[in-house]
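> here is my input; please provide its structure:
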Amino acid sequence: MDQIQYNVIQWIHQNDPSRSTRQPKQHSIPTTLTTSMYSIRSGCKALLLVSFAPFSLTQDLVPVASPQAGWKYAGCYSDNVQTRALTLGFDSDSMTNTQCVQFCAGKGDFYAGTEYAKECYCGKSLQHGGALAQDGCDMACAGNATEPCGGPNRLTLYNTTVLWSPMVNPGVNGYRYFGCYT
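Numbering: from 1, shown residues only. Below is the predicted model of the structure:
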């Protein structure tokens, strides 16, 4: 299980803070912690400072270049909760980019994107101004800690390079569709 480290530093002295001793202790907690609380009390003889710092995984996250034949990594794209760039496909506590791409490809979509570690979005096109972002795709996939699955308001985006053939028209009054020519 991924861990978030936090440091507990305690200074204790009866009346003179300048003579206090610093006693750092390092602890780990599960990443499922979503809230934190800070408390400062006056008149205490001890001061307890707690700081939370999640491990930075951005250095180790590498997008899957081609999670499925005909699909490729397109980049990190901006998204917005109010106006999504793609439609929600599903979410999973074991999300990977390959899993998302396979789901979207199975629906006939051209775009697949993961966001916030465990959400998968699909679509035939990017909506509402989804644009290439410089950063922000720094959350590890819930199902694979080595690949990025977007971030807050960020999609790790994949698109298909396969050209889809149009549906064959059975024909009307003896005419038949042969394709699109230039």
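> run through who's touching the strand or helix carrying residue 100.
Element membership for residue 100, per DSSP states H and E: helix 97-106. For helix 97-106, the external contacting residues (Cβ atoms under 8 Å, 6 or more residues apart in numbering) are 63-64, 67-68, 70-71, 89-90, 92, 111-114, 120-123, 141, 143-144, 147, 149, 156, 158, 160. Where you see a C-beta, it was placed from the backbone N, CA and C, and this is true even at glycine.
> now which of those would you call buried?
The neighbour-count test (16 or more other Cβ atoms under 10 Å) applied to the contacts of helix 97-106 identifies 63-64, 67-68, 71, 89, 92, 111-114, 120-123, 141, 143-144, 147, 149, 156, 158, 160 as buried.
> any idea of the mean pLDDT for the helix holding residue 100?
Mean pLDDT, helix 97-106: 96.
> could you check the angle helix 97-106 makes with the next helix or strand after it?
Toward the C-terminal end, the helix or strand that comes next after helix 97-106 (DSSP H and E) is strand 111-115. With axes from the mean of the first three to the mean of the last three Cα atoms, to 10 degrees applied, the angle from strand 111-115 to helix 97-106 works out at 140 degrees.
> parallel or antiparallel, list what pairs with strand 111-115.
Using DSSP bridges, the strands paired with strand 111-115 are strand 119-123 (antiparallel), strand 154-160 (antiparallel).
> any chance of JSON lines for the ones you listed, columns distance to residue 137 and mean pLDDT?
Below are the strands paired with strand 111-115 laid out as JSON lines (distance: least, Cβ to Cβ, whole Å; pLDDT from 0 to 100):
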{"stretch": "strand 119-123", "distance to residue 137": "13", "mean pLDDT": "97"}
{"stretch": "strand 154-160", "distance to residue 137": "5", "mean pLDDT": "95"}
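> right, I'll leave it there.
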